[in-house]
Every structure is written in C-alpha cells, then in structure tokens.
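Visitor: need a 3D model of the sequence below.
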Amino acid sequence: MALKATIFRAELDVANIDRGYFQHHTLTIARHPSETNERMMVRVLAFALNASEQLTFGGGLSSDDEPDLWQKDLTGAIDLWIDVGLPDEKSLRRACGRARRVVVYAYGGRSVTLWWDTVRGQLARNSHLSAYALAPVTSAALESLADRTMRLQCTIQDGAIWFASDETTVQVELRALTPTSLVTN
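Guide: This is a model prediction of the structure:
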C-alpha cells in the first residue's frame, strides 16, 4: 500500500517591497512521503520569493513532468517553472524548452557546488534559467519553522530576505549561481 502525502497548511504574508507586491496567501502543501521538512520549506520559500495570484504548487517529486511550483498564463502556457533541490541537467533542459522562465533553488551544502559544476556548462545557453544556492544554515533554519499549521511572513527589501514565524525570524542567505536578480515581472 502506497504512503499518502502529509498535508500542511500555511498562512503566508508576503511583503516584497522590491516588487511592490503585498499579499496574503492561504497555502495547502502536500509533503510527499519521501520529502523532508527542509525540502518542503524551501518550496514555501520559493513560493514567497516568486509569489503571485497565479503561482501554484506542482506535482514535484510525485511527477516527472511537473515542477515544484509553476505559473501558467490564461492560455495554459508556462510562464514560470520552479524546481528546488538539485535537478538533473536533462530535466532542466526540458523545463527550459517548456517555460518562459525557469528558476532553481538549490540546497544541500557542498553538494550544490558539485551539482552546479556538473550542469553549468550544458545549461549556459539557456538565458531564461536562474539558479540560486541556499546557505545550509538557511535551509536548516527554515526546516525548524515546519509545522502542520503555520503562520509565516516573508519580507523582501533591497535584496535582503527575512522569513519568519510567530516565534522565529530567519535571514535568508541566497547566492545567485547565474547572472540574474530576484526581481521578477
């Protein structure tokens, strides 16, 4: 018998001063049985950093053809494809062929550097790909915020990112692996 996803709920307030985006989101997050709280919280952070009314969680780990998050336009074309972790080069090339913008939030300490050194050359010609590395201290701190019911806030100002619950605030350390910025359309 297959294990079922664990459902988490989050009330997320996003104040992205850099983009002029201020919104409250009620999120239902399905954590795949093989997914860690760390990975799930990186997905929530990715949502906050790219928040819009059209951004939704995709199949992620449970589907090879869907990202962790995506945003589609009214015709069904994919505007934004977001993966977290260390996706393989083939799946990133496929994503770049399907979406107008592809963003990766990589985490995992030293393995991020090894992964990026492996895939960077093959992905260099994809100008609409952005990749970021989370500092290990950041992903570990985000993991500590995980709870079945969460109240979270994300503030982005002058490129600085703070992610908080009612009890804890995490300053997000994010390093660009590609020559891009966090400012989105």
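Visitor: can we go C-alpha only for contacts and neighbour counts from here?
Guide: Noted.
Visitor: any low-confidence regions in the chain?
Guide: Within the chain, the stretches falling below the threshold (pLDDT under 70) are 1-2, 60-64, 180-185.
Visitor: so where do the helices sit in it?
Guide: Ranges of helices within the chain are 37-49, 89-98, 110-123, 136-143, based on DSSP state H.
Visitor: the inter-axis angle of the second one versus helix 110-123?
Guide: Taking axes from the mean of the first three to the mean of the last three C-alpha atoms, to 10 degrees, helix 89-98 and helix 110-123 form an angle of 50 degrees between their directions.
Visitor: any idea which residue sits dead centre in this protein?
Guide: Centroid check for the chain by C-alpha atoms, centre = their mean gives Ala46 as the closest residue, at 2.6 Å.
Visitor: right, and it touches Tyr105 too?
Guide: Yes - the pair Ala46 / Tyr105 is scored as a contact, 7.2 Å apart, by C-alpha atoms under 8 Å.
Visitor: residues shared between the contacts of those two?
Guide: Shared contacts of Ala46 and Tyr105 (C-alpha atoms under 8 Å, 6 or more residues apart in numbering): 82, 84.
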